[in-house]
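Undergrad: sequence? don't have it. structure:
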């Protein structure tokens, strides 16, 4: 099974951009890259997903390397409400998902 | 309605008990999932149902028995569990089961304690 590797923790200042990296060197050609975040005592919340091209939505941007072996979730202006555990996940076409260990993002006021 | 509702929120059971966890969604989604999450760990996939049929079983012990009675409901039947099965059990749903299906909607989970 393909795996993802994420830094254990990252810090950011409020209203500054945050770049959360993820390595997935064993990704297969049809695996989608998903990002979710999770607050304590809540279920994960969808952030963004993509296959090959960079993606933007109202929450974030996803930059995918040309060889697809890594990706970066970009929060353009971090707020205190963005403090959470961020998971990088590989999703197969069959619906199988493999979560990374997650990055705990701390946002300082 | 973009909610996935899980009941009960908390469950305490003995190793000889039989209990069930329930998950419900009314978004017309055809894929539903069970995940297990231990403290300070990522969720781990257990089962995937696609169009009410079990499509993925991640080698889960038979003491966990999933059931999908209709497209809106997903149950997880629990029997003869062990203390190490204590965890947060998360249910999710999506339009379809593939990676390009977009967003998975997660419930808040059922926290299970096995004594």
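TA: Received, thanks. These numbers come from a predicted model, not from an experiment. Residues are numbered from 1 along each chain as shown, chains lettered A, B, ... in the order given.
Undergrad: what distance do you get for the spatially most central residue of chain B to residue B:17?
TA: For chain B, residue B:34 is the residue whose C-alpha lies nearest the centre (CA atoms, centre = their mean; 2.9 Å). According to CB to CB, to the nearest Å, residue B:34 stands 19 Å off from residue B:17. Bear in mind the C-beta positions are built from the backbone N, C-alpha and C, glycine included.
Undergrad: count of residues packed around the closest residue to residue B:38 other than its chain neighbours?
TA: Nearest residue to residue B:38, sequence neighbours excluded (CB to CB, 6 or more residues apart in numbering or on different chains): residue B:87, at 5.0 Å. Residues lying near residue B:87 (other CB atoms under 10 Å in any protein chain shown) number 20.
Undergrad: bridging residues for residue B:87?
TA: residue B:112 (DSSP bridges).
Undergrad: cool, and residue A:56?
TA: residue A:61.
Undergrad: state the number of residues packed around it.
TA: Neighbour tally, residue A:56, other CB under 10 Å: 13.
Undergrad: cool, and the one 5 residues further on?
TA: By other CB under 10 Å, 17 other residues sit near residue A:61.
Undergrad: which residues are in contact with residue 13?
TA: I went with chain A, as the question did not name one. A:78, A:107-108 (CB atoms under 8 Å, 6 or more residues apart in numbering or on different chains).
Undergrad: the chain in question should be chain B.
TA: So residue B:13 contacts B:19, B:78, B:81, B:112-115 (CB under 8 Å, 6+ apart).
Undergrad: residue 60: what's it in contact with?
TA: Assuming you mean chain A. Contacts for residue A:60 (CB under 8 Å, 6+ apart) come out as A:35, A:47-48, A:73-76.
Undergrad: that was the other one, I meant chain B.
TA: B:46-47.
Undergrad: ok now the lowest-mean-pLDDT helix or strand in chain A, how far from the chain's centre?
TA: Lowest mean confidence among the helices and strands of chain A (mean pLDDT, DSSP states H and E): strand A:97-99, at a mean of 91. Put simply, strand A:97-99 sits 12 Å off its chain's centre (CA atoms, centre = their mean, to the nearest Å).
Undergrad: is any residue of that strand near chain B?
TA: Yes - against chain B, strand A:97-99 shows contacts by CB under 8 Å from any CB of the partner chain at A:97-99.
Undergrad: around chain A, which positions in chain B sit nearby?
TA: Residues of chain B lying near chain A (CB under 8 Å from any CB): B:4, B:31, B:33, B:41-45, B:48, B:50, B:55-56, B:58, B:90, B:92, B:97-109.
Undergrad: just the ones of these in strands?
TA: Members of the residues of chain B next to chain A lying in strands (criterion: DSSP state E): B:4, B:31, B:33, B:44-45, B:48, B:50, B:55-56, B:90, B:92, B:105-106.
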